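Sequence and predicted structure, then a few things I'm wondering about:
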Amino acid sequence: VFTTEEQAVDVTEEQGPPVLVAQVPATDADLAVLVYSIVAGDDAGQPKFTIDGAGDITLLQALNREARDFYRLTIEVTDGEPTHVRTAYVNVTVLDINDNAPVFGQPAGYVFEALENTDAGVVVGTVSATDDDIGANQAVQFFLMESGGLFAVDADTGAISTTGTLDA
C-alpha cells in the first residue's frame, strides 16, 4: 500500500540529475520485497525519470518546459507471490526559467523610411519580438543601441518615433 496515492511536485526546468523529484514509499503487510516501476507518463524512448527500490523518483536528465511542461507519472509497486499490484500517481509540473532569448519578428532586420521634415513624435515603424518563456520570463523590452539622437523606441511596444524634425 502506498502511503500517498497521488501527489503533486514542481521541478525547475534544466535541473539536472541526480535531483530527487518525489518519494512514493509503500508498505507490505507480508513484509515482501517491493518492486517499483514507472509504467506510464514518462517520455518513451528517452525517459526523464527513474525510481529506485525505496520509491525515490529522480531525474535521469534535465527537463525542458518549452518541450513539455507537465508529466503525470503512473507508479506501480508489486510484492511477492501471489503478486499484488498497487498504483500511485505523481504529477510533475515543470517550472520555467529565463532560458530563451527574445527573437525579432523579422530576423533579417527592419527597414523604415521617414520623409525629410518629419515632425518630432511621428512613429516611423514598429519592431516586434517574442520569447518562448512564460510569465515574467517572457517579457520583452526594446532599447536603441545607437540612433544619433534622432529616434526613440517605446520600450514596451517597440514603436520607433522621431525625437525632432528630420533634416537631410
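Okay, I see it. Numbering: from 1, shown residues only.

Quick one: residues in contact with the top strand by length along the chain.
Longest strand in the chain by number of residues (criterion: DSSP state E): strand 85-95. If you take C-beta atoms under 8 Å, 6 or more residues apart in numbering as the criterion, strand 85-95 is touched by 1-2, 4-13, 21-22, 24, 26, 49, 57, 63-65, 68-78. Every residue, glycine included, has its C-beta placed from N, CA and C.

Pull out the buried residues from that strand.
Buried residues in strand 85-95, defined by neighbour count with 16 or more other C-beta atoms under 10 Å: Ala88, Tyr89, Val90, Val92, Val94.

As TSV, the residues you listed with pLDDT and distance to Asp132 would be great.
TSV is the format used below for these (pLDDT from 0 to 100; distance: C-beta to C-beta, whole Å):
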residue	pLDDT	distance to Asp132
Ala88	97	33
Tyr89	98	29
Val90	98	26
Val92	98	20
Val94	97	13
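
What pairs with the longest strand of the chain, parallel or antiparallel?
Neighbouring strands of strand 85-95 in its sheet, by DSSP bridges, are strand 6-12 (parallel), strand 70-78 (antiparallel).

any idea how far Asp69 is from Val94?
Look at Asp69 and Val94: by C-beta to C-beta, to the nearest Å, they are 5 Å apart.

same thing with Ile160?
Taken as C-beta to C-beta, the span from Ile160 to Val94 is 37 Å.
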